[in-house]
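[1] whatever this is, show me its structure:
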Amino acid sequence: MGRERTGRQGRGTPGVREDRGPVRYGPPAPGPGLPVLPELAEVLAAAAGGGEPEPAGGSAVLREAARAYWDRRGLHGGPEHIAAAPGTSPLVLALIAAHGGDVLVPRPCPASWIPQARLLGRPAYQVPTPAECGGVPDPYALLETVRRVRAEGGSPRLLLISVVDDPTATVAPPELVREACEAAVAEGLHIVSDETWRDTLHRPHDTVLLSPAEMCPDDVTVVSDLAGALTPAAWPVAVARFPDTRRSAVRHARTLDILTALGALVAGPVAAAAAHALREPDAVTERVRRAAALQARVAAEAHRAVLASGALARPPQAGRHLYADLGPLRSQLAARGVTDSLELEEYLTDRLGAPVPGGHRFGDELGALRVRLGTGSLLGSTAQQQTESLTAAEPLELPHVAAALSMFRAALDELR
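    Got it, this is the predicted structure:
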């Protein structure tokens, strides 16, 4: 209960690296490991000559493209209820500020959520998730937490969730989403649903995805970072869809005020590329489909390697990562001087040659030996190799993918 320690500050401590914990060294979202889609690059280049900035919250063109994107997913509304920002970090920060009150988040949760709440001076109360998935809190634990916070004088008003989750790469079952949202709304909480990864489902025809906004349309603001599936992370843009209510209109206006004060405006060329991606032309939808299918195969192989080592992990259902618990290997890791997730982060990052953020970055306890393992780095180190991975009928048989997976397995196997 309450604020949890999420890292150790190494500044000024002899023999301790400075990057062991500070927020500025926190992990970015898992990268796709794929080159930029040429069609999007052409759109951005064509718009590069424009010198006019986008207005706060995004232009009418960008907001209309986002409206149509959500409309195709059953979330209807007008462009006047949409706001855009250069990435989810400033957007979620503005939403937290606009809503006021204390914040509740699942444990674990995306790396930026707790630091954003604390930056605004808000307590971030973590709520356990059920065994089958991450991203959405256990409904009974949520109710208990809300009532305990209020008994202690707190004012919980906002619940952040991710039905398709970073860091766990799981998809919350519809019944859990429904129960958690009903509990939150009954307690007067507004819900921010991060749906950045909804277009990265590994088995889209077999996975039922329920947006909280489908069942609680007046009480849910939906957020999506286009870097999840549609645009490169180097072109930051995220969009938020607000409910069509008088109260949300006030929060929408407040959010725009905050984005303006922050100077958090989407760059014009990026907005043009983002609007094009949100319209989902054939080239974009084909890339999204191929990328999700490729990540599904690579992530499944990585998951098998984790289990073979004796570690634990939920089967990845979306995204380009998985969340591994190396707790069963604690004694073997301790023999190598690894006793917490900070040390595990350094150990595996060194052996895999790619960032392996520890669970402390996501709100898990420092003593829990958990890490987020990205799969994008397994697809190749050059644009040519990555393109081969994307187009191959049997990507796991490509020499560069096979070699990367072999190194991945070896790093884990040596811990057995």
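[2] give me every residue that touches residue 119.
    For residue 119, the contacting residues are residue 93, by Cβ atoms under 8 Å, 6 or more residues apart in numbering. Quick note: C-beta positions are derived from backbone N, CA and C, even for glycine.
[3] for my notes, confirm residue 192 occurs in a strand.
    Yes - applying DSSP: H, G, I helix; E, B strand; the rest coil, one finds residue 192 inside a strand.
[4] residues contacting it?
    Counted by Cβ under 8 Å, 6+ apart, residue 192 has contacts 92, 95, 158, 159, 160, 161, 220, 221, 222, 223.
[5] show me which of the residues you listed is closest to residue 121.
    Nearest to residue 121 among those is residue 158, at 13.9 Å by Cβ to Cβ.
[6] quick one: the closest one and residue 97 touch, right?
    No - if you go by Cβ atoms under 8 Å, residue 158 and residue 97 don't touch, sitting 10.3 Å apart.
[7] okay, the closest residue to residue 199 other than its chain neighbours and residue 331: tell me how far apart.
    Distances taken as Cβ to Cβ, 6 or more residues apart in numbering place residue 229 nearest to residue 199, at 3.8 Å, with adjacent residues excluded. Distance of residue 229 to residue 331, computed by Cβ to Cβ, to the nearest Å: 40 Å.
[8] tell me which of these two has more neighbours.
    residue 229 (25 against 8; other Cβ atoms under 10 Å).
[9] and the strands in the stretch 251-400 of the chain?
    312-313, 321-325, 370-374 (DSSP state E, counting those that start in this stretch).
[10] switch those over to a markdown table; also include distance to residue 185, mean neighbour count and mean pLDDT.
    Formatted as a markdown table, the strands of the stretch 251-400 of the chain follow (distance: least, Cβ to Cβ, whole Å; neighbours: other Cβ atoms under 10 Å; pLDDT from 0 to 100):
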| stretch | distance to residue 185 | mean neighbour count | mean pLDDT |
| --- | --- | --- | --- |
| strand 312-313 | 32 | 18 | 97 |
| strand 321-325 | 28 | 24 | 97 |
| strand 370-374 | 30 | 28 | 97 |
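[11] now distance to residue 82 too, for the ones you listed, in CSV please.
    Below are these laid out as CSV (distance: least, Cβ to Cβ, whole Å):
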stretch, distance to residue 82
strand 312-313, 36
strand 321-325, 28
strand 370-374, 30
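[12] of all those, which one comes closest to residue 201?
    Here strand 321-325 is closest among the strands of the stretch 251-400 of the chain (Cβ to Cβ), at 13.8 Å.
[13] contacts for that closest one next, please.
    30, 108, 134, 166-169, 299, 302-303, 306, 311-314, 316, 359, 368-375.
[14] and for stretch 166-176?
    29-30, 108, 110-111, 129-130, 132-136, 139, 161, 163-165, 180, 196-197, 201, 207-210, 299, 314, 316-319, 321-323, 357, 359, 362, 372.
[15] recalculate using a threshold of 7 Å.
    For stretch 166-176, the external contacting residues (Cβ atoms under 7 Å, 6 or more residues apart in numbering) are 29, 108, 110, 130, 132-136, 163-164, 197, 201, 207-210, 314, 316-319, 321-323, 362, 372.
[16] buried sites along it?
    Buried residues in stretch 166-176, defined by neighbour count with 16 or more other Cβ atoms under 10 Å: 166, 167, 168, 169, 170, 171, 172, 173, 176.
[17] out of these, the closest to residue 351 would be?
    Looking across the buried residues of stretch 166-176 and measuring by Cβ to Cβ, the closest to residue 351 is residue 167, at 19.6 Å.
[18] which residue is the nearest non-sequential neighbour of the closest one?
    residue 372 (4.3 Å).
[19] what bridges to that neighbour?
    residue 323 (DSSP bridges).
[20] surely it meets residue 357?
    Yes - applying Cβ atoms under 7 Å as the test, residue 372 and residue 357 come out as touching, 5.2 Å apart.
[21] who's in contact with the residue nearest to residue 167?
    Per Cβ under 7 Å, 6+ apart, neighbours of residue 372: 167, 321, 323, 357, 362.
[22] check those and tell me the two furthest apart.
    Farthest pair in the contacts of residue 372, by Cβ to Cβ: 321 and 362, 11.1 Å.
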